[in-house]
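**Student:** Pasting a predicted model and its sequence here:
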Amino acid sequence: LATFIASLTTSSKNLLLLGDFNIPYNTHTHSHTTEFTQLLADLSLYQHVTLPTHQAGNTLDLIISSNNLPLTIPSLITSPLPYTDHHLIRFLCNIPLPPPKPTSHPHYTRNLKHLTTNSFDITFNALIDDIPSESSLNQLAESFQSCIALTYNTLAPSITLPPRPNLKCSEPWFSSPSTTHSTSPIQKTLD
């Protein structure tokens, strides 16, 4: 058990363990309880259940969390169950969620270096010739936009690039007063 719990603490800094540990946690003179309490202290873990969870009056079912996990349990109730010698543990807990990680989205580009006016004209004119002349103004405008998009997609297809790392944008036009050492009127105006 000690090896298993220790391996969990090394794989995650925020740990919440729930279950029947079959160690009488409320009996402080019991050797298993003493060893387990020391293990929890050594691994910076905290045990939250203080009420009996077994019909014999022992606290066998535990809720254990990492000390660095700001877990609060404002309400914990144990209730006997008819089909087992263990009690049901009902509790509410508040676990603050970490702030969401900023999402980075892929960005798109086109390689326009090899796109020439001549190749664009040929491709575009071949597409525009297929538009029926009796189309309405809206249909002509939509067809024109479609032909331009198809020409670009044919000659310079869109390339999906991997997401860029989220970098904090600098503000090159602003310098805080604490970092501005210039006394020049032009510099102060620019700032």
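**Tutor:** The structure has been received and is ready for your questions.

**Student:** now Ser79, what's its secondary structure?
**Tutor:** Three-state assignment for Ser79 (DSSP: H, G, I helix; E, B strand; the rest coil): strand.

**Student:** ok, now Lys13?
**Tutor:** coil.

**Student:** Now do the contacts for it.
**Tutor:** Ser66, Asn68 (Cβ atoms under 8 Å, 6 or more residues apart in numbering). (Glycine included, C-beta is placed from N, CA and C.)

**Student:** Leu43 now?
**Tutor:** Ile5, Ala6, Thr9.

**Student:** Just the element for the first one, please.
**Tutor:** Put plainly, it is Ile5. helix 2-11 (DSSP states H and E).

**Student:** Give me the buried stretch members for that helix, please.
**Tutor:** Within helix 2-11, the residues scored as buried using 16 or more other Cβ atoms under 10 Å are Ile5.

**Student:** Tell me which other helices or strands the following helix or strand past that helix touches.
**Tutor:** Of the helices and strands lying after helix 2-11 in sequence (DSSP H and E), the nearest is strand 16-20. When contacts are defined as 3 or more Cβ pairs under 8 Å, 6 or more residues apart in numbering; DSSP states H and E, strand 16-20 sits against strand 61-66.

**Student:** how about the helices in the protein?
**Tutor:** 2-11, 31-42, 117-128, 137-155, 185-190 (DSSP state H).

**Student:** The closest residue to His30 other than its chain neighbours and Tyr46, how far apart?
**Tutor:** Distances taken as Cβ to Cβ, 6 or more residues apart in numbering place Pro24 nearest to His30, at 5.3 Å, with adjacent residues excluded. Remark: distance between Pro24 and Tyr46 (Cβ to Cβ, to the nearest Å) = 18 Å.
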